[in-house]
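Trainee: coords below, sequence missing:
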DNA sequence: AATGAATGAGAATTCATTCAT
DNA sequence: AATGAATGAATTCTCATTCAT
């Protein structure tokens, strides 16, 4: 665990504006890796290159830091996706592929994916944060995908399926892929290739949702 | 100090053998709900109906308890599945369906599903347990499913896909469903129905893997 | 500050019943001498001959310990005094003398006098304890003395004075004497002699409250 | 960075000299209300309207601030009283009344009364300040009152009493009245009226010290 | 085997003090 | 002179672990 003591700087440095972000980034890393309880604030501070006390200038206590980590890293991406869906023209399979790929590029492949792991691991300990997360992220995210499924069905590009359930079946493997990224023990032998995984998934979804070729019965 | 041969004890006192199991069960519940660090041994003992000291008669320390929890709850189911696959006759889609359903019935729907969440959450803190878990469970589990996929391809019942990747795409949603069971915040509105989820998933996999209908080219 | 490490005992000793009292006694000493904030729980524990952690088996936190110290040491003495007043027969001056002497013997001269100093010093920091103390001790104590004054007036043994104010004038010097006992810096030269102080006070009160000799002016 | 000669500053900026006084006043308020340890320098600075750092321009550290608070608020009044006593002509009871009333008007009713409470509360933590305070204030104050008592006895206006003890009996209730002013919890119902208290006290002292009417035995 | 009082190392949190600006 | 961000020593509080009974 290399603690970045990148300081040949003066004993301290005045940079009130950058600090919170640096601390949040450090906290995200450690919370994701170790969980809430096992993360020591000393380490967060050290990783951010400040002293323990400094942390308390910006966050009232450990729990507030945790909440801030969740809060700060969540919202922005959803709006873009919502817009994309609204504007998209083309086959719904294509839309689904684009969305999944975007999701991965913008969240799954970044540190933000850690938040998901964090919420799965800690939701039992922080019911209010969990509720908040569910409302602001999970619900909106599900609605997003559900709209795609509904569009597919409406345009007769997808078989008629239960959109709520189908949505979750779509989401689950992507989420799981995000979680795996933070379960390092998997890296041995045969590491998971996100792109291969997603291509396979998308392929599966495309075929699985496509309307049965009507031509088969036509010839007669 | 009454000297008592254990075999002469009345029935209600022969808890000796049951104790470790009760403790492991209690520990599983709490570790899954709260994580390793946030679980207090007081509570584990209380939930098992014994005193804190008693715990140390059976487990050297907290970490050993954790390892025991993982160890005790993993192995047994895999052998059955391995045998099922070896013996199965019929369409591979049917085999896949059976296996997934069994998996859910025997693991996903039980407390054992908590182990998966636990390993995802704590693998960073217990690399050796993670490695052990990976070897004993993950690898064997993946191999199991992979054999099905390979069988499907070999029998020309499945499209030719990369078995390793396809395996993970199959596993991921089931695992995620297991995790969700332990993230209570989901329970609001619209709870996830495991059976509907799995049926939808199996349907998708069946269609997604099925060999392209050769009939389409027949008419000529 | 000799910390009584009177332990040639085993590493610890099981005596659940005595512990709270020992801890309260130690806490009283230190709170009185240093005040709430300046008292360290380590020291309280050390003075009671136990470890820091043991304190928390009996008191939830520092503030609860403080409250317990105040609560435990106050109430019992008042009941006795109330009864004495009710039964007393004789001149009210004599009753007043007896009460003051008793007060000193049972409280002023003991460790309990420290509570008064404590409440004066800390009432600003613990409004709720202050309120509690006021209701349970101050009010009852004032009522006690006031009843004496009223009796004196009723029996024409005391001049008619405002009982409420007179009561406080009686109480104040005794309280102050109690406070001085805990302001060690006074001990230099000329230490205060509680008995001489109280005798002088009682003498003063006796003469000051006595009904003016009516005979002097009558003869003419 | 505008370079400004302090002497060219507009009137409202020449706070330089006032600063220490403002800080001392703020510190007095908080030390009295909360005690030394529970007073945070942040709050002192905030109450004085400056930043924490500024405090250190005027006082080396918290303890020096405390000492300065005590030092600055003690001395001045005693000289006047000493002179008053030297010059006074009239009955000693009158002198005593005047002195007590002055004492209250000039000290008891002002913030200075807080110093007494502070010294009672903190003398254990600051033995040297206590000694200093004792020598400069307590001793001189006692001497002052003692001189009155001695004058009364010498002029045959007071009964012969032990002047040292009598002095303390006089002082104690006034001091206690000062302390009560800073123990807010008393304010409920029935607040103490300083003037009524002092009148009652003075009345008591006057009668209590007066020489027994020699006339009683004269009638013949 | 079981208990639970006692321990003490370790983590969170506070706040007097410093010092670059 | 004034500021206030940064520091870290000191203190409260927690909880895994021990061990006499």
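Mentor: That came in fine, so what should we check first? Since the structure is predicted, the reported quantities are computational estimates derived from the model, not experimental observations.

Trainee: longest helix in chain A, please.
Mentor: helix A:163-181 (DSSP state H).

Trainee: quick one: that one near chain B?
Mentor: Yes - for helix A:163-181, a contact with chain B is found by C-beta under 8 Å from any C-beta of the partner chain, at A:164-166, A:168-169, A:171-173, A:175-177, A:179. Just so you know, the C-beta spots here come from the backbone N, C-alpha and C atoms, and that holds for glycine as well.

Trainee: show the subsequent helix or strand relative to that helix.
Mentor: Sequence-wise, the next helix or strand downstream of helix A:163-181 (DSSP states H and E) is helix A:194-209.

Trainee: mind listing what's buried in that next one?
Mentor: A:194, A:197-209 (16 or more other C-beta atoms under 10 Å in any protein chain shown).

Trainee: can you tell me what sits against that helix?
Mentor: If you take C-beta atoms under 8 Å, 6 or more residues apart in numbering or on different chains as the criterion, helix A:194-209 is touched by A:93, A:96-97, A:100-101, A:104, A:108-109, A:149, A:152, A:158-159, A:161, A:166, A:170, A:173-174, A:177, A:181, B:161-162, B:165-166, B:168-169, B:172, B:203-205, B:207-210.

Trainee: distance from it to the middle of the chain?
Mentor: Averaged C-alpha coordinates place helix A:194-209 at 19 Å from its chain's average position (C-alpha atoms, centre = their mean, to the nearest Å).

Trainee: quick one, that helix and helix A:163-181 angle?
Mentor: Angle of helix A:194-209 versus helix A:163-181, following axes from the mean of the first three to the mean of the last three C-alpha atoms, to 10 degrees, is 160 degrees.

Trainee: closest to residue A:54 out of the buried residues of helix A:194-209?
Mentor: residue A:194 (36.2 Å; C-beta to C-beta).

Trainee: so what's the closest one scoring on pLDDT?
Mentor: We have a pLDDT of 96 for residue A:194.

Trainee: measure it to DNA strand F for me?
Mentor: 36 Å (C-beta to the nearest atom of the strand, to the nearest Å).

Trainee: distance of that residue relative to residue A:104?
Mentor: 6 Å (C-beta to C-beta, to the nearest Å).

Trainee: identify the contacts common to these two.
Mentor: residue A:177.

Trainee: enumerate every residue touching residue A:39.
Mentor: A:27, A:30-31, A:33 are the contacts of residue A:39 under C-beta under 8 Å, 6+ apart.

Trainee: helices - which of these land there?
Mentor: Counting by DSSP H, the contacts of residue A:39 contribute A:27, A:30-31, A:33 to helices.

Trainee: mind listing the helices for chain A?
Mentor: A:19-34, A:41-48, A:52-58, A:62-72, A:76-87, A:92-103, A:113-122, A:127-133, A:139-154, A:163-181, A:194-209.

Trainee: re earlier: just the buried members of the residues of helix A:163-181 next to chain B?
Mentor: A:164-166, A:168-169, A:171-173, A:175-177, A:179.

Trainee: re the thing from before, measure how the longest helix of chain A sits relative to helix A:113-122, angle-wise.
Mentor: Going by the same axes, to 10 degrees, helix A:163-181 makes 100 degrees with helix A:113-122.

Trainee: so what does helix A:163-181 touch, helix or strand wise?
Mentor: When contacts are defined as 3 or more C-beta pairs under 8 Å, 6 or more residues apart in numbering or on different chains; DSSP states H and E, helix A:163-181 sits against helix A:92-103, helix A:113-122, helix A:139-154, helix A:194-209, helix B:163-180, helix B:194-209.

Trainee: make a markdown table out of those helices and add distance to residue C:143.
Mentor: Below are the helices and strands packed on helix A:163-181 laid out as a markdown table (distance: least, C-beta to C-beta, whole Å):
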| stretch | distance to residue C:143 |
| --- | --- |
| helix A:92-103 | 75 |
| helix A:113-122 | 56 |
| helix A:139-154 | 63 |
| helix A:194-209 | 80 |
| helix B:163-180 | 65 |
| helix B:194-209 | 70 |
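
Trainee: quick one: closest of those helices to residue D:88.
Mentor: Nearest of those (C-beta to C-beta): helix A:113-122, 78.1 Å.

Trainee: quick one: contacts of the closest one?
Mentor: By C-beta under 8 Å, 6+ apart, the list of residues contacting helix A:113-122 reads A:28-29, A:31-32, A:35-36, A:66, A:69-70, A:73-74, A:107, A:129-130, A:133, A:175, A:178-179, A:181-183, B:35, B:117, B:120-121, B:179, B:182-183, B:185.

Trainee: what does the helix or strand of chain A with the lowest mean pLDDT contact?
Mentor: Least confident element among the helices and strands of chain A, by mean pLDDT, DSSP states H and E: helix A:76-87 (a mean of 87). The contact list for helix A:76-87 (C-beta under 8 Å, 6+ apart) reads A:95, A:98-99, A:102-103, A:106-107, A:112, A:137, A:140-141, A:144, A:147-148, A:151.

Trainee: okay, the angle between that helix and helix A:92-103?
Mentor: Going by the same axes, to 10 degrees, helix A:76-87 makes 160 degrees with helix A:92-103.

Trainee: so where's chain A uncertain?
Mentor: Applying pLDDT under 70 to chain A flags the ranges A:1-16, A:75, A:184-188, A:214-220.
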